[in-house]
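In: let me see the structure of the following:
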Amino acid sequence: MVIEYKKGSDSGVLSQAVSYLSWLESAHHEVEALVRKVLGPEAAESIDWRRPRMVCIAASFSHHDRVAVQRLPDRIDLVRYRVFEGGLLSLLLVDSSPGAANTASSRRTRERDTATASAPAAPVTFTLAGPGLVPECLRDLYAELDDALTAWGEVEVAPLRHYIAYRRLVNVASVIFRPKHEAILVYLRLAPDTVAPEDGFTRDMRGIGHLGTGDLEVRLASAADLEKAAPLIRRAFEAA
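Out: Residues are numbered from 1 along each chain as shown. Predicted coordinates for the structure are as follows:
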């Protein structure tokens, strides 16, 4: 495992971790020799090189970091930290990738793999926000919406089963797709009383059950709708 920590925000945290992992994978013999010397031969024999893991810890991560995590074949966790008054430390998993299996292994696992035939691994595929979550007919509009929602600095994107959450410490926006109506519903953490109601565009959701979080529903069916929603998105993130 490689743990890379940066005090504050640093755009190089992910690339530096990848660099360290590359060095680690090129130094198997040196690492095993050191482990054998310090912990003994049994510990050295048990090292499994197949699926090394990187944990990147920083005060924030960019949208590009989160995209890169889903494209790289390695096991990667992005963990955001916060230090509050009184020395309270908060750690939040921002994004994670299970990675793809590596062919390298320890002696024991190499022997086991040789003795046991294994089925071919299924191909690893990546989508914009999870398999099947974004309908084809809404992908262009969602791509523009995603840009608008991640333009406010420190924003975490969390694809869930039925919707995509955009959050800071709390959810600021929830995105739900309605392919039959070729529309995207955005639930914003914004008081509906502060927004002039507009039929077919905004809706007060207080007291109405719905997926995601946020009291103001904004319906987007076109780029023009997104442009009109931009001030509401800005207000929601500025207040978060």
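
In: buried residues, stretch 47-66. List them.
Out: If you call a residue buried by 16 or more other Cβ atoms under 10 Å, then stretch 47-66 has these buried ones: 47, 49, 52, 54-58, 60-63, 65-66. Where C-beta positions appear, they are placed from N, C-alpha and C, glycine not excepted.

In: kindly report the same for stretch 204-211.
Out: Buried residues in stretch 204-211, defined by neighbour count with 16+ other Cβ under 10 Å: residue 205.

In: and that stretch, how far out from the chain middle?
Out: Relative to its parent chain, stretch 204-211 has a centroid offset of 27 Å by Cα atoms, centre = their mean, to the nearest Å.

In: now the terminal residues of it, how far apart.
Out: Using Cα to Cα, to the nearest Å, the gap from the first to the last residue of stretch 204-211 comes to 14 Å.

In: touching it from outside, list them.
Out: For stretch 204-211, the external contacting residues (Cβ atoms under 8 Å, 6 or more residues apart in numbering) are 162-163, 174, 176, 187, 192, 197, 214-217.

In: and with 10 Å instead?
Out: Under the criterion Cβ atoms under 10 Å, 6 or more residues apart in numbering, residues 160-163, 174, 176, 185, 187-188, 191-193, 195, 197, 203, 212-217 lie in contact with stretch 204-211.

In: pop the domain breakdown of the chain in here.
Out: 2-115, 136-239 (automatic domain parsing).

In: start and end of the last one, how far apart?
Out: For domain 136-239, the separation between the terminal residues is 32 Å (Cα to Cα).

In: point to the residue nearest the middle of this protein.
Out: Nearest to the centroid of the C-alpha atoms of the chain, with distances taken as Cα atoms, centre = their mean, sits residue 95, at 2.8 Å.

In: so what's it up against?
Out: Each residue near residue 95 by Cβ under 10 Å, 6+ apart is listed here: 56, 61, 65-70, 76-80, 156-159.

In: inside helices: which ones of those residues?
Out: Cross-referencing these with the helices (criterion: DSSP state H) gives 65-70 as the overlap.

In: for those residues, which one is nearest residue 39?
Out: Distance to residue 39 across those (Cβ to Cβ) is lowest for residue 69, with 31.0 Å.

In: any idea how far residue 19 is from the closest one?
Out: Here the criterion is Cβ to Cβ, to the nearest Å. By it, residue 69 lies 16 Å from residue 19.

In: could you pull out the helices for the protein?
Out: All helices of the chain, identified by DSSP H, fall at 13-25, 28-39, 41-45, 63-71, 107-115, 139-149, 223-239.

In: which elements pack onto the last one?
Out: Applying 3 or more Cβ pairs under 10 Å, 6 or more residues apart in numbering; DSSP states H and E, we find helix 223-239 packed against helix 139-149, strand 164-167, strand 171-178, strand 183-188, strand 202-204, strand 216-220.

In: what do you get for the shortest one?
Out: For helix 41-45, the contact count by 3+ Cβ pairs under 10 Å, 6+ apart identifies helix 28-39, helix 107-115 as packing neighbours.
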